[in-house]
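A.B. asks: Sequence first, predicted model second:
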Amino acid sequence: MIQNGNLKRRVRARAAKTGESYTAALHHIRQPSAKLAIHSIRLAVAQTSLFKDPRDKFALRASGTELRALMMDAHRAGARVIHFPEGATCSPNKRLMSESGPKEIGPSDWGRYDWATLRSELAATSELAKKLKLWTVLGSVHQLTPPHRPHNSLYVISDCGTLVTRYDERMLSNTKISFMYSPEKLPVTFEVYGVRFGCALGMESHYPELFTEYERLEADCVLFSTTGEIPSAAPAFAAEVLGHAATNMYWVSYAAHAPQSVAIPAGIASPDGRWAAQCAADGSTSISVTDVTIDREHPARPWRRSARA
């Protein structure tokens, strides 16, 4: 009955807009081409080890090796996109970076970062993305020209191995804005095979206005990457992710580091506010995969927009 009611509303709306008869409008909507409104893509979310010292060349290399192993796992699982946590390459510890640390937190000394090794690992990761034909979204520090502080970023690498866009964290924590990073102001979206993705970072799940903004930008799925060092912080982030998915009627991928998984593992929330996939809950690195399916004709989002207006 609901499906018939939705169909009748669509037919009447088209007839009123085009001047067609009810029968002609019905014939048009029932054409096979109308089914192209449904898109699907296989998405993998990853939880990774937490590497905190950007001075350590061997740790940076180990991080890159781990990322690429998980990319291979995602490829074998048939994924077309893989989503990694914030600081997947390295999440610099505020005390290790502090000019006056480690006992005192102060302005970060970014000269301590082994940028050359980071660039080498990112290049190798991009090459693998090209080889696997796998879109790869990963968290990394993005260096700016001194004396400007870097951005805390998400790199979006296409299945051709090229950097197509970059999202820079906007809503920084007090420590990040005071001592570590430069903020940005703009949302970022990109499309893969007809599915539109948005990006969020760090503690931005605390800000629902960012997620409603992505709904207005027609996002089908928001990729939210955070660190996940402290398991006790996981339940709040996870609850917010499920809430954003349900209230905005889109998918949300939640990527965090493995130590947090003992409380809440990384996962992918469906538009009904439930986990469609979750990684291992034992502190280990892993991926989880699901098919993100988008129905352009679903009436819930237009109804909610009308109510909000």
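C.D. replies: Nice, I can see it. Numbering: from 1, shown residues only.

A.B. asks: Tell me who's in contact with R42.
C.D. replies: A77, G78, A79, R80, V81, V289, T290, D291, V292 (Cβ atoms under 8 Å, 6 or more residues apart in numbering). Bear in mind the C-beta positions are built from the backbone N, C-alpha and C, glycine included.

A.B. asks: what's the answer for R166, then?
C.D. replies: Contacts of R166 by Cβ under 8 Å, 6+ apart are H142, H151, S153, L154, Y155, V156, V188.

A.B. asks: Pick out the most distant pair among these.
C.D. replies: H151 and V156 (13.8 Å; Cβ to Cβ).

A.B. asks: quick one: average pLDDT of the strand or helix carrying A16?
C.D. replies: Per DSSP states H and E: A16 is located in helix 2-18. Averaging pLDDT along helix 2-18 gives 67.

A.B. asks: go on, stretch 70-80?
C.D. replies: The pLDDT scores in stretch 70-80 average 98.

A.B. asks: cool, stretch 249-265 as well?
C.D. replies: 96.

A.B. asks: Low-confidence stretches in this structure?
C.D. replies: 1-6, 15, 17-20, 24-38 (pLDDT under 70).

A.B. asks: let's see 80
C.D. replies: Within the chain, the stretches with pLDDT under 80 are 1-11, 13-38, 101, 228-229, 297.

A.B. asks: At which residues are the helices of it located?
C.D. replies: For the chain, the helices defined by DSSP state H cover 2-18, 22-29, 57-76, 94-97, 115-132, 174-175, 208-216, 234-248, 300-308.

A.B. asks: G273 is nearest to which of these?
C.D. replies: For the helices of the chain, proximity to G273 was assessed by Cβ to Cβ; helix 234-248 is nearest, at 3.0 Å.

A.B. asks: elements contacting the closest one?
C.D. replies: helix 208-216, strand 251-255, strand 267-269 (3 or more Cβ pairs under 8 Å, 6 or more residues apart in numbering; DSSP states H and E).

A.B. asks: just how off-centre is stretch 58-71 within its chain?
C.D. replies: From the chain centre to the centre of stretch 58-71 is a distance of 19 Å (Cα atoms, centre = their mean, to the nearest Å).

A.B. asks: Distance of the residue most central in space within the chain relative to A236?
C.D. replies: For the chain, the residue sitting closest to the mean C-alpha position, by Cα atoms, centre = their mean, is L223 at 1.5 Å. Distance, L223 to A236, using Cβ to Cβ, to the nearest Å: 19 Å.

A.B. asks: got it, and G267?
C.D. replies: Applying Cβ to Cβ, the value for G267 to A236 is 15 Å.

A.B. asks: What is the neighbour count of V81?
C.D. replies: Look at V81: counted by other Cβ atoms under 10 Å, it has 24 neighbours.

A.B. asks: just checking, it touches V192?
C.D. replies: Yes. With contact defined as Cβ atoms under 8 Å, V81 reaches V192; the gap is 5.7 Å.

A.B. asks: Common neighbours of the two, please.
C.D. replies: I41, W135.

A.B. asks: Bridged to Y167, which residues?
C.D. replies: L154 (DSSP bridges).
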